[in-house]
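Peer 1: What follows is a predicted structure for the sequence shown.
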Amino acid sequence: MKVFLFPGSFDPFTSGHRDIAKRASKMCDKLVVAIMHNDVKHPFFTVEERVEMARKSLEKYDNIEVIAKDGLLVDLFRELNCSSVVRGIRSESDFRYETEMFAANRLLESTYDVVLLPCRADLSFTSSSIVREVGHYGGDISKMVPSEIHDFVATSLKKGRT
Ligand code: PNS
């Protein structure tokens, strides 16, 4: 069974993430979307909220599972017996970051590999941080996040965290 792993902060899950997950799910038997911790980021949404948002956005895809996991990506990669990790790239800077991550992870696990999927042109400016900023000021995020989670994301961002 070919298992792909799509890790990220997903803070929040965006239409870009959904497009990558949908395309990657056609390349494997099972796609595991993993909500993980990025040391340089302080997430707005809780882990539970991020899991719920990803699950709601992906519920129509039978071979996609959403989990939350702490620790190193390579440990999860081994645990799930993955064939490859999947990451979406929007720009040259994403590409540079992903090749660095690949090199580091490959040092830790010699079977580690990654499939880099270019994002759709119409979603190339959609990122979780842009969604957070636009949503915070009450702007229209309807094209940036899946419709299933739009109201929750918009309301949470407008309200802010106390
Ligand atoms: O969506 P992001 O924030 O770009 O995702 C980054 C993520 C969570 C995939 C990355 O920070 C990660 O792999 N975190 C787990 C800890 C780890 O293995 N760090 C070493 C990476 S070389």
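Peer 2: Here it is on my side, so go on. Quick caveat: nothing in here was measured; it's all calculated off a predicted structure.
Peer 1: quick one: low-confidence parts of this structure?
Peer 2: Along the chain, segments meeting pLDDT under 70 span 162.
Peer 1: how about the strands in it?
Peer 2: 3-8, 30-35, 64-68, 84-89, 114-118 (DSSP state E).
Peer 1: And the last one, what does it pack against?
Peer 2: If I follow you right, that is strand 114-118. Here strand 114-118 touches helix 15-25, strand 84-89, helix 92-108, going by 3 or more Cβ pairs under 8 Å, 6 or more residues apart in numbering; DSSP states H and E. Where C-beta positions appear, they are placed from N, C-alpha and C, glycine not excepted.
Peer 1: got it, and the second one?
Peer 2: Counting by 3+ Cβ pairs under 8 Å, 6+ apart, the packing neighbours recorded for strand 30-35 are strand 3-8, helix 15-25, helix 47-58, strand 64-68.
Peer 1: what does it rub up against?
Peer 2: Strand 30-35 has contacts (Cβ atoms under 8 Å, 6 or more residues apart in numbering) with 1-10, 21, 24-25, 47, 50-51, 54, 58, 61, 63-69, 76, 80, 82, 86.
Peer 1: I'd assumed S127 was in contact with R90.
Peer 2: Yes: the criterion here is Cβ atoms under 8 Å, and R90 meets it with S127 at 7.2 Å.
Peer 1: in the sheet, who's paired with the nearest residue to S25 once chain neighbours are set aside?
Peer 2: Closest residue to S25 apart from its sequence neighbours, by Cβ to Cβ, 6 or more residues apart in numbering: L31 at 4.4 Å. Note on L31: beta-bridge partners by DSSP bridges are F4, I64.
Peer 1: what is V85 paired to in the beta sheet?
Peer 2: Listed beta-bridge partners, V85: L5, V114 (assigned using DSSP bridges).
Peer 1: ok, now how distant is it from the ligand?
Peer 2: Look at V85 and the ligand: by Cβ to the nearest ligand atom, to the nearest Å, they are 8 Å apart.
Peer 1: Next, the contact list for that residue, please.
Peer 2: F4, L5, F6, P7, L73, F77, N105, Y112, D113, V114, V115 are the contacts of V85 under Cβ under 8 Å, 6+ apart.
Peer 1: Show me which of those residues is closest to K41.
Peer 2: P7 (13.1 Å; Cβ to Cβ).
Peer 1: Please tell me I have it right and that closest one contacts L72.
Peer 2: No: between P7 and L72 there is no contact under Cβ under 8 Å: 10.5 Å.
Peer 1: ok, the two, which is more surrounded?
Peer 2: P7 (21 against 13; other Cβ atoms under 10 Å).
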